[in-house]
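*Asks:* fold the following and give me the result.
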Amino acid sequence: MPAVSKGDGMRGLAVFISDIRNCKSKEAEIKRINKELANIRSKFKGDKALDGYSKKKYVCKLLFIFLLGHDIDFGHMEAVNLLSSNKYTEKQIGYLFISVLVNSNSELIRLINNAIKNDLSSRNPTFMCLALHCIANVGSREMAEAFASEIPRILVAGDTMDSVKQSAALCLLRLYKTSPDLVLMGEWTSRVVHLLNDQHMGVVTAAISLITCLSQKNPDEFKTCVSLAVSRLSRIVSSASTDLQDYTYYFVPAPWLSCKLLRLLQCYPPPEDGAVKGRLVECLETILNKAQEPPKSKKVQHSNAKNAILFEAISLIIHYDSEPNLLVRACNQLGQFLQHRETNLRYLALESMCTLASSEFSHEAVKTHIETVINALKTERDVSVRQRAADLLYAMCDRSNAKQIVAEMLSYLETADYSIREEMVLKVAILAEKYAVDYSWYVDTILNLIRIAGDYVSEEVWYRVIQIVINRDDVQGYAAKTVFEALQAPACHENMVKVGGYILGEFGNLIAGDPRSSPLVQFNLLHSKFHLCSVPTRALLLSAYIKFINLFPETKATIQEVLRCDSQIRNSDVELQQRAVEYLKLSSIASTDVLATVLEEMPPFPERESSILAKLKKKKGPGAVSVPELDDKREGGELNGGGDRGPDTAAMSASNAVSRYVLVASSCLFMYIGCTTFSWPYCKFPFVFQSTPSPSADLLGIRSAAPIGATPTSTGSLLVDVFSEAGPAAPSAAVNDDGFLRFVCKNNGVLFENQLLQIGIKSEYRQNLGRMYLFYGNKTSVQFASFTTTTKPVEPLVEGGAQIQQVLNIECLTDFSEAPLLNIKFRYGGALQNLSLKLPVTINKFFQPTEMTSHDFFQRWKQLSQPQQEAQKIFKANHGMDTEVLKAKLLGLGTALLDDVDPNPENYVCAGVIQTKGQQVGCLLRLEPNGQAQMYRLTLRCSKDSVSMRLCELLAQQF
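*Replies:* Reported below is the predicted structural model:
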């Protein structure tokens, strides 16, 4: 910046500011300001022309007065006149005044734009920077229209000075954020990307902010930036602190630029080029290694810069989710931060580990820190850190540690902050249901939850426990006994009364044989709570009473007396009065058979997605549950509390009037969407996807999508009805199977992503049944309209930044080779988008692992000796031959990994049985790695030849 000359001190401005500061009252200040405004107005209107210095001084005074909070309605023209000055200080004050006071709709904008154009074309770097700063500060659409095409030319011009390039990049970024439709890079794209190779680090730092923003909107146009970003990052990471002295911050080379480069790489999938990917992995390993080195300075700035780079690197590792070694190393590094004395580091470590817990490669590594996380939950002073600890416990929970984690969360609930109690309750309820092998433990957990935090137990929670108890015969007696004991507490929460009234009304007969819980004792216990409850709970208890009359005729007289009293039949609440009158009349005139029919036991509820999980997602906000944050882990519990019931059984028993929902989505799957029951030739379809029907009236109020569509008259009309759409048909989309192979050995992750849409997937399988969750995320700020899929109806409108979920139930009928197709259509900005993907449902998903001894394995191996039963392939390794990664992939395949079976300890041997509805297919696998030659020999023997061939094809691409 040019030096300020001696005469630029503006003594008059200094005196004015001093006078304002010396004012003793607000009135004195206003009086002094009015006097000065009158003086300035007279100077501007006077006959004597003011020189540049005087204009600058008076404009500065006006600016100061405006910043004190007073309105300024003159002086704008004088400020514009300063823009034509050749003196830096005068031009600077003019631009400053315009940036602060001139409205984008001002009549002076055209004059200002002309002055800016003159400065941009002057080739004076100081004036060019002032003009660019003004454009960025005002950032109006008018300025974008005037300069959006000029600034890129300045940015990439060879004779532009580095300081001007920096300002131009940041100015263009500002205009792109305010008016993206006006900033069209076009021919400048490649030259802007190549700014990453610029010699000046300041230019690179400014340019990368622009490129990152542009890449988020148009990733395909800027994908060439990946290799350049990796190259630049490699040079920074491998450099010593003395190599970049001007950009070294407390012994850390270019920390801001490193963070921005790592953030840019998170806009793209892992590089396809092996050399680029290898160099990037090397960079990430170097960053992790440097984190282990002793600090070069004890100052906090050093550790902050070092940790900023580390956390961005870990975010990139998590984003890629494809390097098991890096994921485990990142987890171990974060584990060291869990006990760091710095609160912010502990918070960030917990937050990052929540995401790591959703990766199949690092989940086990995260679980090793469970004791530290539990201790943080109990001892942390900061509530936000405690909340992150609770989130991490929730994320790392699986079948092996569910009881411990649920117990700790229940214990913490008693002293938890009120702000997080409701979310904690939802998480405990979800975990207890998801990993409940013993459903008596589930009932105990939910009742404890109500006892400890009853005020925070939403309707969804107690609805769900009732639904599961009704659907499981083996837990009904235990639930009745437990809730009866819980109701005996002197202080009993109203939600406990609701659960008790419902369960005892349905299953009180299962404990009535014990004199301590005889029918009359049960009734008296419930009725003792009646006067303490709200109207909805009293209504539920009245329904329980009439159920008692059916279950226990000996209580009829007692209950009728209660219903007959004035407080009931003349109750001021219409609902309670009506129930009392109708139940009394029903019990008096109806025969035993009629009463038994009207008050028969509730049928099982249809299985569907847990409403508690939906409540948690709603609480988190739209789009907050991102794909890496998915709650279901590798080890799924019972399918939505359905136990061993088949997916159809529970639904059909709920109501015989409920029609089946059937839709052909491809040549190999079924779905249900709301048409009357009709049969299909099952032999033609290898597996079935089922979307669970919902009864027209749901007593528990658990909402589900209403059926759509009409009864088809034929297969052809069904397809037309389902797939037809108003407006012109979308062009047929080529099948995208880029993400398909990634899911052969894993169940969770991102199936597809482009600049508009992200599709996440998680799934769980048990025997020949499975459940798949699809998450459609709108990455834009614009609403998707007419959103449809060929699998199951979804919300037709997807708001910008929001996410919707689709649940599919799967049944394997026989072996298959082709995966089903998912076709997606929606309108974005008026244009119809069409996308076709392969759903990652492969035959190995229905594996049941089989443990075998060495003798049994080779005996069975010899039995499967027919040529058509064996498939073998010798191939070159596609990935590194890491032992732990190989084991993880073989376990992810679904088979049992057998130890000490093969005579060669370097070989891998697996066994499993593929479960279909019609048959079981036994499979034996042998993988022989040759590290020296970087080759594999894969041999599969199955009792069905088509399965051997298909599995061999799939697996050869995984190693």
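*Asks:* can you give me the helices for the stretch 401-550 of the chain?
*Replies:* Assigned by DSSP state H, counting those that start in this stretch, the helices in the stretch 401-550 of the chain fall at 402-413, 418-434, 439-453, 459-471, 473-487, 494-507, 519-527, 535-551.
*Asks:* alpha carbons of the third one, in CSV - could you do that?
*Replies:* Spelled out, that is helix 439-453. The C-alpha coordinates for helix 439-453 follow below in CSV (Å, rounded to 0.1, in the frame of the first residue of the first chain):
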residue,chain,number,x,y,z
TYR,A,439,-37.0,-59.2,24.8
SER,A,440,-37.5,-59.4,28.6
TRP,A,441,-34.4,-57.2,28.8
TYR,A,442,-36.0,-54.8,26.3
VAL,A,443,-39.1,-54.5,28.4
ASP,A,444,-37.1,-53.9,31.5
THR,A,445,-35.1,-51.2,29.7
ILE,A,446,-38.1,-49.3,28.5
LEU,A,447,-39.8,-49.4,31.8
ASN,A,448,-36.6,-48.2,33.5
LEU,A,449,-36.5,-45.5,30.9
ILE,A,450,-40.0,-44.4,31.8
ARG,A,451,-39.2,-44.5,35.5
ILE,A,452,-36.0,-42.4,35.2
ALA,A,453,-37.0,-39.9,32.5
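*Asks:* contacts for that helix, please.
*Replies:* Applying Cβ atoms under 8 Å, 6 or more residues apart in numbering, the external contacts of helix 439-453 come out as 403, 406, 410, 413-414, 416, 421, 424-425, 428-429, 432-433, 436, 457, 461-462, 465, 468-469, 472, 474-475, 478-479, 482-483, 486, 489, 493, 495-496, 499, 643. Every residue, glycine included, has its C-beta placed from N, CA and C.
*Asks:* the first one now?
*Replies:* Outside helix 402-413, the residues that touch it by Cβ under 8 Å, 6+ apart are 370, 374, 377-378, 390, 393-394, 396-397, 421, 424-425, 427-428, 431-432, 434-435, 441, 445, 448-449, 452-453.
*Asks:* now those residues: which count as buried?
*Replies:* Neighbour counting over the contacts of helix 402-413 (16 or more other Cβ atoms under 10 Å) leaves 370, 374, 377, 390, 393-394, 396-397, 421, 424-425, 427-428, 431-432, 434-435, 441, 445, 448-449, 452-453 as the buried ones.
*Asks:* export the helix or strand where residue 834 lies to PDB, keeping only CA atoms.
*Replies:* Using DSSP states H and E, the element containing residue 834 is strand 831-838. Presented in PDB, the C-alpha positions along strand 831-838 are these (Å, rounded to 0.1, in the frame of the first residue of the first chain):
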ATOM      1  CA  ALA A 831     -35.900 -30.400 -16.200                       C
ATOM      2  CA  LEU A 832     -36.800 -34.100 -15.800                       C
ATOM      3  CA  GLN A 833     -33.900 -36.100 -14.400                       C
ATOM      4  CA  ASN A 834     -33.700 -39.900 -14.900                       C
ATOM      5  CA  LEU A 835     -31.400 -42.200 -13.100                       C
ATOM      6  CA  SER A 836     -31.000 -46.000 -13.300                       C
ATOM      7  CA  LEU A 837     -28.900 -47.800 -10.700                       C
ATOM      8  CA  LYS A 838     -28.100 -51.400  -9.800                       C
END
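*Asks:* circling back to that earlier point, please, a ChimeraX command that selects the buried ones among the contacts of helix 439-453?
*Replies:* Listed next is the ChimeraX selection for buried residues among these, using 16+ other Cβ under 10 Å:
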select :403,406,410,413,416,421,424,425,428,429,432,433,436,457,461,462,465,468,469,472,475,478,479,482,483,486,493,495,496,499,643
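*Asks:* for this protein, name the helix or strand with the lowest mean pLDDT.
*Replies:* Least confident helix or strand, the chain: strand 663-666 with a mean of 24, by mean pLDDT, DSSP states H and E.
*Asks:* closest to residue 364 out of the helices of the stretch 401-550 of the chain?
*Replies:* Smallest distance to residue 364 across these (Cβ to Cβ): 15.0 Å, for helix 402-413.
*Asks:* now the angle from the closest one to helix 439-453?
*Replies:* 10 degrees (axes from the mean of the first three to the mean of the last three Cα atoms, to 10 degrees).
*Asks:* hang on, the earlier thing: now the helices of the stretch 401-550 of the chain as CSV including distance to residue 117 and mean pLDDT?
*Replies:* What follows is these, written out as CSV (distance: least, Cβ to Cβ, whole Å; pLDDT from 0 to 100):
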stretch, distance to residue 117, mean pLDDT
helix 402-413, 64, 91
helix 418-434, 54, 88
helix 439-453, 66, 89
helix 459-471, 62, 87
helix 473-487, 78, 91
helix 494-507, 70, 92
helix 519-527, 83, 92
helix 535-551, 70, 92
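*Asks:* nearest to residue 257, of the ones you listed?
*Replies:* Judged by Cβ to Cβ, the one of the helices of the stretch 401-550 of the chain that comes nearest to residue 257 is helix 418-434, at 37.4 Å.
*Asks:* residue 519 contacts residue 558, correct?
*Replies:* No. Using Cβ atoms under 8 Å, residue 519 is not in contact with residue 558, being 9.4 Å away.
*Asks:* residue 465 - nearest residue in space that isn't next to it in sequence?
*Replies:* Closest residue in space to residue 465, ignoring its immediate chain neighbours: residue 446 at 4.5 Å, by Cβ to Cβ, 6 or more residues apart in numbering.
*Asks:* from the chain's centre, how far out does stretch 338-354 sit?
*Replies:* Relative to the chain's own centre, stretch 338-354 is displaced by 20 Å; criterion: Cα atoms, centre = their mean, to the nearest Å.
*Asks:* so for that stretch, what gets flagged as buried?
*Replies:* Going by neighbour count (16+ other Cβ under 10 Å), the buried part of stretch 338-354 is 338, 345, 346, 347, 348, 349, 350, 351, 352, 353, 354.
*Asks:* using CSV, write out every CA atom in that stretch.
*Replies:* The C-alpha coordinates for stretch 338-354 follow below in CSV (Å, rounded to 0.1, in the frame of the first residue of the first chain):
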residue,chain,number,x,y,z
LEU,A,338,-10.1,-38.3,24.0
GLN,A,339,-8.1,-37.7,27.2
HIS,A,340,-6.4,-34.4,26.1
ARG,A,341,-6.6,-31.5,28.5
GLU,A,342,-8.0,-29.2,25.7
THR,A,343,-11.8,-29.4,25.7
ASN,A,344,-12.1,-28.4,22.0
LEU,A,345,-9.9,-31.3,21.0
ARG,A,346,-11.9,-33.8,23.0
TYR,A,347,-15.1,-32.5,21.4
LEU,A,348,-13.7,-32.8,17.9
ALA,A,349,-12.3,-36.2,18.5
LEU,A,350,-15.6,-37.5,19.7
GLU,A,351,-17.4,-35.9,16.8
SER,A,352,-15.0,-37.5,14.2
MET,A,353,-15.2,-40.9,15.9
CYS,A,354,-19.0,-40.8,15.6
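*Asks:* what is the rounded mean pLDDT of it?
*Replies:* Averaging pLDDT along stretch 338-354 gives 91.
*Asks:* what's that stretch in contact with?
*Replies:* Against stretch 338-354 from outside (Cβ under 8 Å, 6+ apart): 303, 307, 311, 314-315, 318, 330-331, 334-335, 337, 366, 369, 372-373, 376, 380, 382, 384-385, 388-389, 391-392, 395-396, 629.
*Asks:* now with 7 Å?
*Replies:* Contact partners of stretch 338-354, identified using Cβ atoms under 7 Å, 6 or more residues apart in numbering, comprise 307, 311, 314, 331, 334, 337, 366, 369, 372-373, 376, 382, 384-385, 388-389, 391-392, 395, 629.
*Asks:* inside helices: which ones of the residues you listed?
*Replies:* 307, 311, 314, 331, 334, 337, 366, 372-373, 376, 384-385, 388-389, 391-392, 395 (DSSP state H).
*Asks:* in the stretch 851-959 of the chain, which spans are helices?
*Replies:* 854-863, 883-892, 945-956.
*Asks:* save these as a markdown table, and put in mean pLDDT too.
*Replies:* Output for these, formatted as a markdown table (pLDDT from 0 to 100):
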| stretch | mean pLDDT |
| --- | --- |
| helix 854-863 | 84 |
| helix 883-892 | 84 |
| helix 945-956 | 84 |
